[in-house]
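Engineer: 3D model of this:
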Amino acid sequence: MSERRAPSSGPPAGPALPKRPPGRRESRLPAGLSRLTGRLRWPLAVLWLLLLGVAGWQAASLPGLLSGGGWLVPGSGSAVAAARLTDGFEGRGATSLTLVIRDTRHRAGDPAFDTRVRGAAEAVLHDGDLKATGGYGYTTLTGERPRAAFLGEDRRTALVRVGSELDDGTARRLLPGIQDRLSRQYGPAGLQVSLVSQAALWGEVNHLSERGLIMAELVTLPLILLVLLLLFRSVAAALAALLVGVTSVVLALAVLTLVARRTELSVFVQNAATMLGLGVGVDYSLFMITRFRSELRAGEGTGFRADSERALTRTLRTSGVTVVASGLTIVAAMSTLFLVDLDVIRSMALGAVVVVAFSVLTSVLLLPVLLRLLGPRIEWGRIGRRRPDTARTGGGWVTLTRTVMRRPALFLVVGVAAPAALALPALRLETFTPDARVVSADAAVRQGYDAVRDEFGVGGAAPLQVVVASRVPLEERSDADIAHLLRFHDAVGALPGVVRADSAVGTLSQADRERPFAALAARDRLPGDARATVDFFVSGDGRTALIEVVGDDTASSEAARALLTSVRAEAAAFTAGGAGWIVDVGGETAEGVDANKVIEDGLVPVIGTMLAVIYLLLLLTFRSVFLPLKAIAMNLLSVGATYGVLVLVFQDGLGSGLFGFDVDGHLTNFVPVLLVTLLFSLSTDYEVFLLSRVREDYVATGDDIGSVVRGMSATMPLISGAAVLMVAVFTAFAFTGILPIQQLGLGMAVAIALDATVIRLLIVPASMRLMSRVNWWLPGRRSASAPTLAADRAAVDAGTADSTGPVPPERTDSMERTGTQ
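Structural biologist: Model (predicted):
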């Protein structure tokens with residue numbers, strides 16, 4: 001005799017499993033896992049705690065291993081230029097910095113100014129941690145005219161270019177400490193001493209990232225616990241779900257720490273992995289725990305003994321399968337980002353894949369241990385009265401769904417129009433690499449960046465670096481070759497938008513006007529200031545020369561990008577004549593443009609591969625040709641709306657005061673491509689949870705209309721709760737103070753909110769009502785009889801369909817045999 005159970009409000013179980021032979025009501029793996037966790041629950045619990053402790057100890061060292069690099073495109077002009085400048089130049093090194101000293105009490109001309117500035121510069125150049133290789137600037141030159149180039153318009157700000165032996169990763173770890181020491185030492189005396197460079201910037205970003213992560217966690221964890229208490233109405237269930245989410249994040253960060261010891265990982269990976277891990281991990285535990293509690297209650301309601309093993313087995317067989325399928329979908333979608341040849345994006349993809357994988361493993365392997373330990377005590381700490389089972393009562397979800405399905409065309413138009421309107425600003429979306437404006441205005445590196453921009457010209461903070469390499473030393477070049485080089489130098493300096501072109505040409509021309517580079521043969525006999533200038537712009541072997549082109553706008557502006565295009569065109573014309581010249585153009589603008597190009601080139605393969613993977617997974621899950629296409633179309637609409645909101649906020653400045661950032665007119669370049677994969681993954685999750693339940697009902701009844709109503713009533717309370725959790729987590733990270741993480745956090749919060757409301761409540765039921773029997777069309781599959789389906793549709797239109805009652809007995813037996821809810 002079959003055991004009949006009322007449906008629960010737990011999460012959907014995914015696609016129906018194959019029928020089992022008589023007497024084999026439970027699949028072996030879930031039943032075996034349930035028995036194992038029952039027998040070894042205490043040893044496994046102790047192992048869990050030990051694993052969590054070791055992982056936490058390991059993960060603590062992750063921030064110091066992360067890099068702000070990853071933006072250079074291997075083999076690009078900007079990457080080659082950066083590599084050529086790391087060796088052989090005075091005032092440059094493995095790490096190059098600009099020392100910015102601003103005296104708030106004295107001006108140039110006052111003897112105290114020179115004394116104070118020189119003292120600060122000497123302290124930096126002789127700092128044991130910095131390991132400076134030399135300097136070039138205001139304090140190292142002696143002539144009034146050469147020094148003037150390093151004195152700001154306010155006559156209070158002086159610059160010194162400094163080279164360091166520190167490799168990039170070490171510099172990022174040490175520079176924040178050096179900067180903090182300098183600020184404490186000289187700040188009280190009225191000197192603002194700042195170290196400005198990419199390494200200093202990303203070291204500060206790393207520091208701020210740690211602090212922002214702590215603040216986000218302090219806000220997020222209590223918020224998650226509050227939402228879980230409201231959803232579960234049980235202290236034990238809420239704490240169990242939170243513990244699973246935290247465990248997923250800690251284990252993932254431990255693995256990322258091991259990876260970071262061997263390869264470069266972006267500084268953003270820690271925040272992104274924590275944000276995604278908390279959202280997904282707690283969500284998965286929410287589905288699992290809700291189903292477990294539902295199974296326990298079902299035993300109580302039908303006279304069965306509340307058997308934890310039986311409840312856990314069915315939870316693993318249903319919700320566990322769905323969680324695994326969901327995690328595989330996210331991992332598959334995020335893995336497509338490895339197609340983009342940019343380390344910063346691959347770092348983020350790796351972080352997402354690892355944390356989602358651990359969220360799945362924790363939910364289906366470690367959470368069952370906790371559920372066996374608790375059993376019926378999962379209800380401990382009950383808050384308020386037990387709420388009715390929505391699957392039985394229907395409630396407002398059924399009313400809303402019926403209303404939408406009675407006028408599907410109207411609600412579909414409304415549901416599509418709203419996100420489409422939000423998507424319009426996305427047509428203006430601009431991206432670029434982050435600059436110093438990603439950190440707050442009171443950070444020392446930001447103050448130095450602003451001082452250079454204000455006192456030495458907007459483009460002075462990030463000049464284009466034109467690196468000219470020769471097969472033979474420049475002094476051995478023919479007169480014709482040198483004349484060709486000088487014409488190129490003058491052509492670059494005369495381009496529209498160029499404020500000046502700094503190089504050794506002017507200094508060398510004073511020694512030999514006709515053949516300036518011939519003076520390199522006797523550079524040892526040049527006057528002190530002239531020798532310092534030549535050594536700064538020409539390598540020691542005389543084979544490489546640098547021209548720094550200072551523009552009239554910021555590095556990320558359209559004007560700077562246009563100037564880069566012009567300089568590269570001039571370089572191409574210069575090298576077209578042969579003669580063994582090689583020219584590479586680097587600098588912040590070049591790095592950003594090259595990175596954008598790689599992302600743009602990879603965007604089509606990433607999205608194409610991702611859509612193909614998601615379509616195949618949904619085709620196998622739903623056994624439908626058209627439902628996966630509908631899901632993809634809805635996700636594209638949601639992504640467009642999210643991009644539109646980000647443009648309004650971060651490009652146009654709407655709400656910039658609330659989030660505390662400076663408007664720079666563009667999004668961080670990796671944010672859109674990362675968002676599209678994340679949002680497709682998470683939105684597909686909700687689609688699987690909802691339509692799996694709808695399909696289960698349809699398989700049992702053949703009722704393509706009533707199954708939508710029943711599926712909505714059974715799953716939307718849980719999906720809405722999960723969405724509230726994710727929105728809470730992602731919104732908290734929108735206030736971290738790290739601009740790219742703010743953009744990711746707000747974008748994901750907006751997308752999840754849209755998906756759980758407009759998409760899920762309006763577009764899904766309306767489109768499924770209009771598609772009717774086409775929803776479940778698959779070549780070669782027989783459909784339910786037309787008269788029955790016509791009657792069901794008429795009942796829904798009239799508002800009289802039985803969409804809220806318990807599952808009929810004949811359906812219950814079928815669903816038990818096929819592994820559905």
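Engineer: so where's the stretch 201-350 of the chain uncertain?
Structural biologist: 213, 299-306 (pLDDT under 70).
Engineer: if you set the cut-off to 90 instead, what comes out?
Structural biologist: Per-residue confidence for the stretch 201-350 of the chain (pLDDT under 90) gives these ranges: 201-234, 236-238, 240-242, 244-245, 261-288, 290-330, 332-334, 340-345, 348.
Engineer: how about the helices in it?
Structural biologist: Listed in chain order, the helices of the stretch 201-350 of the chain (DSSP state H, counting those that start in this stretch) span residues 235-260, 269-301, 308-315, 321-335, 343-361.
Engineer: of all those helices, which lies closest to E430?
Structural biologist: helix 343-361 (17.9 Å; C-beta to C-beta). C-beta here means a position set from N, CA and C on the backbone, and glycine is covered the same way.
Engineer: what packs against that closest one?
Structural biologist: With contacts taken as 3 or more C-beta pairs under 8 Å, 6 or more residues apart in numbering; DSSP states H and E, helix 343-361 sits against helix 235-260, helix 269-301, helix 321-335, helix 670-701.
Engineer: Export those helices as TSV, with columns for distance to G75 and mean neighbour count.
Structural biologist: Below are those laid out as TSV (distance: least, C-beta to C-beta, whole Å; neighbours: other C-beta atoms under 10 Å):
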stretch	distance to G75	mean neighbour count
helix 235-260	24	23
helix 269-301	24	26
helix 321-335	24	22
helix 670-701	19	25
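Engineer: who wins for proximity to G448 among the ones you listed?
Structural biologist: Between G448 and those, the tightest spacing by C-beta to C-beta is seen for helix 269-301, at 24.5 Å.
Engineer: Using the three-state scheme, assign Q192.
Structural biologist: Per DSSP: H, G, I helix; E, B strand; the rest coil, the secondary structure class of Q192 is strand.
Engineer: meant to ask about V585, not that
Structural biologist: Strictly by three-state DSSP, V585 counts as strand.
Engineer: who's in contact with it?
Structural biologist: 77-78, 81, 464-467, 564, 567-568, 571 (C-beta atoms under 8 Å, 6 or more residues apart in numbering).
Engineer: mind redoing it with 10 Å?
Structural biologist: 76-78, 80-81, 464-467, 492, 547, 549, 564-565, 567-568, 570-571, 593-594 (C-beta atoms under 10 Å, 6 or more residues apart in numbering).
Engineer: Specify the beta-bridge partners of it.
Structural biologist: Beta bridges link V585 to V466 when assigned by DSSP bridges.
Engineer: hmm, back to that, which stretch among the helices and strands packed on helix 343-361 comes nearest G657?
Structural biologist: Taking C-beta to C-beta, helix 670-701 is the member of those nearest to G657, at 20.8 Å.
Engineer: what about stretch 156-174, start to end distance?
Structural biologist: Terminal residues of stretch 156-174 are spaced 28 Å apart (C-alpha to C-alpha, to the nearest Å).
Engineer: got it, and stretch 65-76?
Structural biologist: 25 Å.
Engineer: Could you tell me the average pLDDT over it, please?
Structural biologist: In this model, stretch 65-76 has a mean pLDDT of 79.
Engineer: Could you do stretch 383-392 as well?
Structural biologist: 58.
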